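J.: My questions concern the predicted model and sequence given below.
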Amino acid sequence: MKPLLIHKMKIMKLKKYVLTLFYVVSATAIVSAQYKEPEKKDKVEIFRPEIAFDSLQAKKMLAKGTGTIKGVAFTKAKNNMGFKAGQRIYANKIKVTLFPVTPYFEAWYQLRKDKESLRRRRYVYLSDQAYRYRLEAITNSDGEFTFPEMKPGKYFLQGVLGYTHYGTYNQYTGSGYNGYGQTDYYQQKNYSVDHEDRIEEFVEVKENGEIVKIKLH
């Protein structure tokens, strides 16, 4: 085979290899650039206040004072109409969080009222810095908690109380016939549903040495 012909064949093979490599690299680049649109039910929207958080103000509000906040945390199971009714369900060993009500916090709370929708997966968050400025207390088995050494000021208390609702229902098991006609048969079954209630309250210590009592529900 002539040297010129061999040289041309090598060039053609090299071009074919380069072209193939180009398509592989291009395909890889295209695939990596793809964006998969999430289903609407999977979309999550996060909102945060736009105003600046004043850490010095929050730190000053949480400095030690001589006031006390004492409370009891509880909830009630919801009835079929969606209203809380019945006996109290006391918060047994849950965490209660206290935040100083700064202008930033007021903006967060208003934004939450305007934008939050758990059903639509829309959440309103505090900034990480704002969340650090908080106090925590743990309830006893009767739902009682205390925040001692508080300065005069306005505060927001929050807890998440989980409980289980138990009930019974009649499950259809079949039908039969007798001298009176068709009879449907049912068997009583037990069921349980887990719930989590967000319990919240604003509280104000108005003067030094004051003991403020609240119900957190």
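T.: Arrived safely, thanks for sending. Residues are numbered from 1 along each chain as shown.

J.: tell me the secondary structure for Gly159?
T.: strand (DSSP: H, G, I helix; E, B strand; the rest coil).

J.: Report the secondary structure element holding the nearest residue to it once chain neighbours are set aside.
T.: Setting aside the residues directly before and after it, Gly159 is nearest to Val96 in space (CB to CB, 6 or more residues apart in numbering), at 4.5 Å. Where you see a C-beta, it was placed from the backbone N, CA and C, and this is true even at glycine. Using DSSP states H and E, Val96 maps to strand 95-100.

J.: if we can go back for a sec, in contact with the residue nearest to Gly159, which residues are there?
T.: If a contact means CB atoms under 8 Å, 6 or more residues apart in numbering, then Val96 has 71, 73, 136-139, 145, 157-159, 216 as its contacts.

J.: Can you turn the buried part of those residues into a PyMOL selection?
T.: A single PyMOL command selects the buried members of the contacts of Val96 (16 or more other CB atoms under 10 Å):
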select buried, resi 71+73+137+139+145+157+159+216
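
J.: In strands only, show me the contacts of Val96.
T.: Judged by DSSP state E, the subset of the contacts of Val96 located in strands is 71, 73, 136-138, 145, 157-159, 216.

J.: Read off the pLDDT value for the residue nearest the centre of the chain.
T.: For the chain, the residue lying nearest the average C-alpha position, counting by CA atoms, centre = their mean, turns out to be Tyr123 (7.3 Å). For Tyr123, the pLDDT comes out at 96.

J.: now it, which residues is it bridged with?
T.: Taking DSSP bridges as the rule, Tyr123 bridges to Ile46.

J.: Which residues are in contact with it?
T.: Under the criterion of CB under 8 Å, 6+ apart, the contact partners of Tyr123 comprise 44-47, 116.

J.: got TSV for these, with pLDDT and distance to Gly167 too?
T.: Converted to TSV, these look like this (pLDDT from 0 to 100; distance: CB to CB, whole Å):
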residue	pLDDT	distance to Gly167
Val44	90	32
Glu45	93	35
Ile46	95	36
Phe47	96	36
Glu116	95	29
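
J.: Now flag whichever of these is closest to Glu37.
T.: Distance to Glu37 across these (CB to CB) is lowest for Val44, with 14.0 Å.

J.: Next, the closest one: phi, psi?
T.: Phi and psi for Val44, reported as degrees, to the nearest 10, are phi -120, psi 130.

J.: Now do the same contact list for it.
T.: 121-123.

J.: distance of it from Lys115?
T.: Distance of Val44 to Lys115, given as CB to CB, to the nearest Å: 13 Å.

J.: With Lys70 instead?
T.: Using CB to CB, one obtains 33 Å as the distance from Lys70 to Lys115.

J.: Gly174 bridge partners, please.
T.: Taking DSSP bridges, one obtains Tyr185 as the residues bridged to Gly174.

J.: So it sits against Tyr185, correct?
T.: Yes: using CB atoms under 8 Å, Gly174 makes contact with Tyr185 at a distance of 5.4 Å.
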